[in-house]
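1. need the 3D shape of this:
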Amino acid sequence: MPQTPQTVRFGPFQLDLRASELHQNGKKIKLPEQPFQIITALLEHPGEVVTREELRQRLWRSDTFVDFEHSLNAAIKRLREVLGDSAAKPRYIETLPHHGYRLMVAVEQPEAIPGSPNRRRKVWLTVSVVVVVAVVAGLLWRQRLLERFRPVKIESLAVLPLENLSGNPNEEYFADGMTEQLITELGKVRALRVISRQSVMQYKGTNKPVPQIARELHVDAVVEGSAMRAGDKVRITAQLIQANPERHLWSESYERDLRDALTLQGNVARAIASEINVNVTPQEHARLASPRPVNPEAYQAYLRGDYLLEKRTGNDIRRARDSFQQAIEIDPSYAMGYAGLAESNSFVDDSRTEALARKALELDDTLAVPRLLLAQIRLQRYWDWIGAEKEFKRALELEPGNAKVHYRYGFFYLFPEGRLDEGIAEMKRALELAPLSLIINANLGIMLRVRDEGRGGSFDDAIEQCRKTLELDSKFAGGQMCLGQAYQLKGMYEEAATQLSRCAARGLDECLRKLAVVYLVSGRRTEALKLLGEMRELYKKQGTEAYNLWMIYAALGDRDQAFTWLEKAYEQREFSLLYVRYCIADQACKNLSSDPRFQDVVRRMNFPK
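-> Next comes the predicted model:
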């Protein structure tokens, strides 16, 4: 094999073989492992044909199960995308159909050493210097090599969005669904922190290098790859990359029948866990290894529904519900279809949610989402705190790496029950799993604010957390609400009104209520009464929460009106009522907390003693 320099230049590109890095005009370009191996092979034989068989032997072991033709074509396509090349009009890589590939551009080689006597002395002097430098560089390189390949403990990773190789944008739902399933499977391993789908999807289509992504998500490694459905077959290619130092650890390709897609995901998860030597308990291993065949058509309908539900708009939620309904019509025994239908139903019509969630668990009691829905129903509909916590804890046992489970347990249960420190700990765990989640960031700020409110603190931690949320998205209403109320409690009324006015301008009823309270406590009564009128109209026309009016009348000091609206909130089992006990310290209603009518509502809500 011809010797290739450690750094090779071709066109505007420079390939550093030692560091496994490709640069264009000095800028590092993200290049997956298989395309990197292909360009290396072509550079070793500039101007010569490298056969497809030679590439197969280089990229895949003889015992590796892989769809070679598809995988090689995908890797060549990815390489061309990085180089800005085209198969139709190639500038760098020529395709010889059914045979192989050839590099079309010149590769820079070291110049020959001149042979004149005078210059030979200079050359020998230069060579001597080069030798010394090479020895020193060799020692330094040896040290770097040792550092590079020293085993690094991997305790956290992010599964980046799998690439859709179908060429059809309508198939994006399938690649995204495969990404979420792999995250879910890996999240079942308690010893491994796996970043949530919501956070990793923000990197879809990005060319950010792996170390940067790892720094932003605070992980040790990333998984990247591709997914494709062809008829009743599904192909997944995945590779594991250590972030610091950047190093390729493992790669594999799989092809299975679509009905075995869930088993395939379990296999990938087990392979990754084995590669990084993470501790997998026998129970976790059994859940990852258990065969779970699924009807292919029902599975595709479920993935479409899951893709639409993540968009969280009214029309997409309704379309998601239709897809989940289609899934269970195709296969009435499909538990995940019922779970998806229950979750989408909870956004638009809560009446069927409980029955659908129970049906999902009847078919498969290892699903976490239906348990979260049942926990919420037990709280709001029945004030059953003990039963709700049982569901939350079972969901945590099943999916310890699911950010949604930690978030809902912390914010919807521990927080309103009064176990604030435990709730904050759960929220911080959720944030480790979903660092880019706006709602988790904002609601952690709210909990820090309530903690300081009860302890007479400075609210500085809460303000910092709310600001972090707005750094992620300056227009996020939850972040504006979080910061506005923290400013209010710190006595910064003008700053509070500014933040709350921004989200109130969108007509959000909770923002309007909080703004009205700020106006009242800062002496702007006329403006507060105007907002009160708007809130009453919203309640009449749109059925907004009565709890909002209870808070405003409480701040006004109108006891009778306040308790009239508090009773309405109780009758309607409103979500905000779960947090009613924090009125004891709230500026709006703390003077009413000793009223027998307030104590009666708290008693009827069955809070644990």
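2. burial of residue 42, as a residue count?
-> Residues lying near residue 42 (other CB atoms under 10 Å) number 26. Just so you know, the C-beta spots here come from the backbone N, C-alpha and C atoms, and that holds for glycine as well.
3. my read: it touches residue 93, true?
-> Yes: between residue 42 and residue 93 there is a contact under CB atoms under 8 Å: 6.9 Å.
4. what touches both of the two?
-> 101, 102, 103 (CB atoms under 8 Å, 6 or more residues apart in numbering).
5. gap between the two ends of stretch 25-34?
-> Terminal residues of stretch 25-34 are spaced 22 Å apart (CA to CA, to the nearest Å).
6. in helices, which of the shared contacts of residue 42 and residue 93 fall?
-> Among the shared contacts of residue 42 and residue 93, no residue falls in helices (DSSP state H).
7. okay if I get those as CSV plus pLDDT?
-> Formatted as CSV, those follow (pLDDT from 0 to 100):
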residue, pLDDT
101, 88
102, 85
103, 86
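8. could you single out the nearest of the residues you listed to residue 179?
-> When those are ranked by distance to residue 179 (CB to CB), residue 101 comes first, at 30.0 Å.
9. OK, contacts around the closest one?
-> With CB under 8 Å, 6+ apart, residue 101 has these contacts: 38, 42, 49, 50, 52, 55, 76, 93, 94, 95.
10. who does it form a beta bridge with?
-> Residue 101 has these beta-bridge partners by DSSP bridges: residue 50, residue 95.
11. and residue 394, what helix or strand is that in?
-> In this assignment (DSSP states H and E), residue 394 forms part of helix 385-398.
12. ditto for residue 229
-> If you go by DSSP H and E, residue 229 is part of strand 221-230.
13. may I see the buried residues of the very next helix or strand once past that strand?
-> As assigned by DSSP H and E, the chain's next helix or strand after strand 221-230 is strand 233-242. Using 16 or more other CB atoms under 10 Å as the test for burial, strand 233-242 gives 234, 235, 236, 237, 238, 239, 240, 241, 242.
14. next, the buried residues of stretch 295-314.
-> Quick answer for stretch 295-314 (16+ other CB under 10 Å): 295-296, 298-310.
15. among those, which lie within helices?
-> 296, 298-309.
16. closest one to residue 22 out of the residues you listed, please.
-> For these, the nearest to residue 22 is residue 307 (32.4 Å; CB to CB).
17. quickly list the domain ranges of the chain.
-> 7-103, 156-293, 294-367, 507-609 (automatic domain parsing).
18. quick one: which of these is nearest residue 382?
-> domain 507-609 (8.5 Å).
19. chain center to the closest one, what's the gap?
-> 35 Å (CA atoms, centre = their mean, to the nearest Å).
20. and the end-to-end length of it?
-> Distance between the two ends of domain 507-609: 38 Å, counting by CA to CA.
21. for that domain, what is the average pLDDT?
-> For domain 507-609, mean pLDDT is 91.
22. next one: stretch 280-289
-> Here the average pLDDT along stretch 280-289 is 81.
23. how about stretch 201-208?
-> Mean predicted confidence for stretch 201-208 is 87.
24. again with stretch 403-412
-> Here the average pLDDT along stretch 403-412 is 96.
25. just stretch 187-196 next, same as before
-> In this model, stretch 187-196 has an average pLDDT of 93.
26. of all the domains of the chain, which one is nearest residue 399?
-> domain 156-293 (5.6 Å).
27. straight-line length of the closest one, end to end?
-> With CA to CA as the measure, the ends of domain 156-293 fall 29 Å from one another.
28. pop out the phi and psi values for the residue lying closest to residue 13 once chain neighbours are set aside.
-> Leaving aside its sequence neighbours, residue 13 sits nearest to residue 24 (CB to CB, 6 or more residues apart in numbering; 5.4 Å). With angles defined as degrees, to the nearest 10, residue 24 sits at phi -120, psi 120.
29. do I have it right that residue 24 meets residue 10?
-> No: with contact defined as CB under 8 Å, residue 24 does not count as touching residue 10 (10.8 Å).
30. neighbour count winner among these two?
-> For residue 24 versus residue 10, the count of surrounding residues by other CB under 10 Å is larger for residue 10: 19 against 14.
31. report the contact partners of that one.
-> So residue 10 contacts 43, 46, 92, 103, 105, 106, 107, 108 (CB under 8 Å, 6+ apart).
32. what pLDDT does it get?
-> Residue 10 is given a pLDDT of 82.
33. now do the SS call for residue 72.
-> helix (DSSP: H, G, I helix; E, B strand; the rest coil).
34. does it touch residue 54 like I think?
-> No: using CB under 8 Å, residue 72 makes no contact with residue 54, being 11.1 Å away.
35. residue boundaries of the helices in the stretch 451-600 of the chain?
-> 460-472, 477-489, 493-504, 509-521, 525-542, 546-556, 559-571, 596-604 (DSSP state H, counting those that start in this stretch).
36. for the second one, packing partners?
-> Helices and strands touching helix 477-489, by 3 or more CB pairs under 8 Å, 6 or more residues apart in numbering; DSSP states H and E, are helix 438-455, helix 460-472, helix 493-504, helix 509-521.
37. ok, the closest residue to residue 439 other than its chain neighbours to residue 502 distance?
-> Nearest residue to residue 439, sequence neighbours excluded (CB to CB, 6+ apart): residue 478, at 5.8 Å. Distance, residue 478 to residue 502, by CB to CB, to the nearest Å: 12 Å.
38. which one's more surrounded, the two?
-> Each of residue 478 and residue 502 has its neighbours counted (other CB under 10 Å); residue 478 has more, 23 against 19.
39. of the helices and strands packed on helix 477-489, which approaches residue 539 most closely?
-> Here helix 509-521 is closest among the helices and strands packed on helix 477-489 (CB to CB), at 8.2 Å.
40. in PDB, list the C-alpha atoms belonging to that closest one.
-> C-alpha atoms of helix 509-521 as PDB (Å, rounded to 0.1, in the frame of the first residue of the first chain):
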ATOM      1  CA  ASP A 509     -54.400  34.300  31.100                       C
ATOM      2  CA  GLU A 510     -51.800  33.300  33.800                       C
ATOM      3  CA  CYS A 511     -49.600  36.100  32.700                       C
ATOM      4  CA  LEU A 512     -52.500  38.600  32.900                       C
ATOM      5  CA  ARG A 513     -53.200  37.400  36.400                       C
ATOM      6  CA  LYS A 514     -49.600  37.700  37.600                       C
ATOM      7  CA  LEU A 515     -49.400  41.200  36.000                       C
ATOM      8  CA  ALA A 516     -52.600  42.300  37.800                       C
ATOM      9  CA  VAL A 517     -51.100  41.200  41.100                       C
ATOM     10  CA  VAL A 518     -47.900  43.100  40.400                       C
ATOM     11  CA  TYR A 519     -50.000  46.200  39.700                       C
ATOM     12  CA  LEU A 520     -51.800  45.800  42.900                       C
ATOM     13  CA  VAL A 521     -48.800  45.300  45.200                       C
END
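41. now it: buried residues?
-> Neighbour-count burial for helix 509-521, counted by 16+ other CB under 10 Å, picks out 509-521.
42. identify the residues contacting that helix?
-> Here helix 509-521 has contacts from 477, 480-481, 484-485, 488, 493, 496-497, 500-501, 503-504, 525, 527-528, 531-532, 534-535, 538, 542, 544-545, 548-549, 551-552, 555-556, 576, 587-588, using CB under 8 Å, 6+ apart.
43. now the ones in helices among the buried residues of stretch 295-314 in TSV, with pLDDT?
-> As requested, those are exported to TSV (pLDDT from 0 to 100):
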residue	pLDDT
296	91
298	95
299	92
300	93
301	95
302	95
303	93
304	95
305	95
306	93
307	91
308	92
309	91
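44. with distance to residue 183 added, can I get the residues you listed in JSON lines?
-> Shown next, in JSON lines, are these (distance: CB to CB, whole Å):
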{"residue": "296", "distance to residue 183": "22"}
{"residue": "298", "distance to residue 183": "21"}
{"residue": "299", "distance to residue 183": "17"}
{"residue": "300", "distance to residue 183": "19"}
{"residue": "301", "distance to residue 183": "20"}
{"residue": "302", "distance to residue 183": "16"}
{"residue": "303", "distance to residue 183": "14"}
{"residue": "304", "distance to residue 183": "18"}
{"residue": "305", "distance to residue 183": "17"}
{"residue": "306", "distance to residue 183": "12"}
{"residue": "307", "distance to residue 183": "14"}
{"residue": "308", "distance to residue 183": "18"}
{"residue": "309", "distance to residue 183": "15"}
